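Novice: 3D model of this:
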Amino acid sequence: MPRTGRPTAVIELSDTERQTLQRWTRRHKSSQALALRSRIVLACAEGRTNQAVAQAEGVNPATVSKWRRRFAADRLEGLGDAPRPGAVRTVADETVEAVLVDTLESAPGADTHWSTRGLAKKHGISKTTVAEIWRAFGLKPWQQDSFKVSPDPDLVEKVRDLVGLYMNPPDAAAVFAVDEKPQIQALNRTAPILPLLPTTPQRASHDYERNGTVDLFAALDIARGTVITDIRKRHTQDDFIAFLNKMNREVPAELEVHVILDNLSTHKTPKVQAWLLRHQRFHFHFTPTYGSWMNMVERWFSALTTRKLQRSAHRNPKELAADILAWVAAWNENPIPFVWHRTAEQILERLAGYCTAITQGTDA
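Specialist: Got it, this is the predicted structure:
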């Protein structure tokens, strides 16, 4: 017999339920999980299939089916999180909701955010309980992240261009992510570094001596993961052109060369433009303004910093340069390509979400 599967629950809403669900979807400062569940139920009430709702909300159809069944069985109460195994909870749901709403939507007096002691005093519970509520909902009021919306008028075109190079590179071409890491310091500790021991981490003195700097140019081959590097005393336009000449010598002549780089003025001087006219197989692709995070060579610079530079000691720039080149040679013997996962549409949708939140916050 053919398998029919579990029947789909039909959702019919009362006026009160519809108004409550619509109110929950508009509370952008509160639980986004509850807002998502409310949108799912409202869409199901319109007669849409699980697959259609899942595609519209960017979730798995099983998620839509779950909340459809929960609402059909328990109505509005079914959209809350199911109880977890463990000790019986002694804090009322109303108190938990009040703590969450205060945390997300208010501030105590002239302070910018609540403390566990402040909320505990207000609601007559212990600071440990407040901390547990915050932990359960992933709230960290004492932390603040940062972001910067690019004002680049060509933002959309640049995002699509760069993501296209990463995810669908052109044929008969090499794609390189290029940047400079300027003024890498040759630092030497004031005392010898003590080695790693059982129960004891490696130890180094907190102070150090500065012994000069070097500038590192790097071009990461997106497909292979290998890196072309050059170390110089400065990063002027002449140094950049010298690095481009090195790339030109090392990349096979039959390949077009697509170069991803940021908007540093050194990359756009008339002298660099003249060099491009003489080497027409090179094509520059610039990251959006304030969008250097889209340059994948930054990921390689991070690996260099954490794996080598942070815990090294050098008495002079020559030692530092030799150490970097040795590390690069070892990397190129067994290169690890970095893989870009986000599509251009995913990036732009997230940016649109940021802009919407900013606009709503301003209107509020």
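
Novice: so where's this protein shaky on pLDDT?
Specialist: When residues are selected by pLDDT under 70, those of the chain lie in 1-7, 27-31, 81-89, 360-364.

Novice: Could you list the residues in contact with the strand or helix carrying Ala322?
Specialist: Element membership of Ala322, judged by DSSP states H and E, is helix 317-333. Helix 317-333 is contacted from outside by 184-186, 211-214, 216, 226-227, 229, 231, 304, 307-309, 312, 314, using C-beta atoms under 8 Å, 6 or more residues apart in numbering. (Each C-beta comes from the backbone N, C-alpha and C, glycine too.)

Novice: cool, stretch 33-53 as well?
Specialist: With C-beta under 8 Å, 6+ apart as the contact definition, stretch 33-53 has outside contacts at 8, 11-13, 18, 21-22, 24-25, 27-28, 56-57, 59, 61, 63-65, 67-68, 71, 79-81.

Novice: so how far is Phe338 from Leu220?
Specialist: Here the distance between Leu220 and Phe338 works out to 8 Å (C-beta to C-beta, to the nearest Å).

Novice: now the helices for the stretch 51-200 of the chain?
Specialist: According to DSSP state H, counting those that start in this stretch, the stretch 51-200 of the chain carries its helices in the segments 61-74, 93-105, 116-123, 127-136, 155-167.

Novice: Provide a list of residues in contact with the closest residue to Phe284 other than its chain neighbours.
Specialist: Spatial nearest neighbour of Phe284, chain neighbours left out: Val259 (5.3 Å); criterion: C-beta to C-beta, 6 or more residues apart in numbering. With contacts taken as C-beta under 8 Å, 6+ apart, Val259 has the following neighbours: Phe176, Val178, Ala219, Met247, Phe282, His283, Phe284, His285.

Novice: Restricted to strands, list those residues.
Specialist: Phe176, Val178, Ala219, Phe282, His283, Phe284, His285 (DSSP state E).

Novice: Would you mind naming the residues that bridge with the first one?
Specialist: This means Phe176. Asp221, Val259 (DSSP bridges).

Novice: quick revisit: next, format the helices of the stretch 51-200 of the chain as CSV and append mean neighbour count.
Specialist: As requested, the helices of the stretch 51-200 of the chain are arranged in CSV below (neighbours: other C-beta atoms under 10 Å):
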stretch, mean neighbour count
helix 61-74, 17
helix 93-105, 16
helix 116-123, 17
helix 127-136, 16
helix 155-167, 18
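
Novice: Format the ones you listed as CSV; extra columns: distance to Asn295.
Specialist: Rendered in CSV, the data for the helices of the stretch 51-200 of the chain read as follows (distance: least, C-beta to C-beta, whole Å):
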stretch, distance to Asn295
helix 61-74, 35
helix 93-105, 35
helix 116-123, 40
helix 127-136, 36
helix 155-167, 8
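
Novice: Find the residue at the geometric middle of the protein.
Specialist: A centroid search over the chain (C-alpha atoms, centre = their mean) returns Trp293, at 8.7 Å, as the residue closest to the centre.

Novice: Confirm it sits in a strand?
Specialist: No: when the secondary structure is assigned by DSSP: H, G, I helix; E, B strand; the rest coil, Trp293 falls in helix instead of a strand.

Novice: Would you mind checking the ones in strands among the contacts of Val259 for buried ones?
Specialist: Among these, those buried by neighbour count (16 or more other C-beta atoms under 10 Å) are Phe176, Val178, Ala219, Phe282, His285.

Novice: Can you name the two of the residues you listed that sit furthest apart?
Specialist: Based on C-beta to C-beta, the longest span within these runs between Ala219 and His285 and measures 13.2 Å.

Novice: tally of neighbours for the residue lying closest to Arg75 once chain neighbours are set aside?
Specialist: Using C-beta to C-beta, 6+ apart and skipping the chain neighbours, the partner closest in space to Arg75 is Glu17 (6.7 Å). The local packing of Glu17 (other C-beta atoms under 10 Å) involves 17 other residues.

Novice: cool, the one 3 residues further on as well?
Specialist: A total of 16 residues lie near Thr20 under the criterion other C-beta under 10 Å.

Novice: residues contacting the residue nearest to it when sequence neighbours are not counted?
Specialist: Spatial nearest neighbour of Thr20, excluding adjacent residues (C-beta to C-beta, 6+ apart): Leu76 at 6.0 Å. Neighbouring residues of Leu76 by C-beta under 8 Å, 6+ apart: Glu17, Thr20, Leu21.

Novice: Would you mind measuring from Leu76 to Leu34?
Specialist: The value you get for Leu76 to Leu34, if C-beta to C-beta is used, is 10 Å.

Novice: No more questions from me, cheers.
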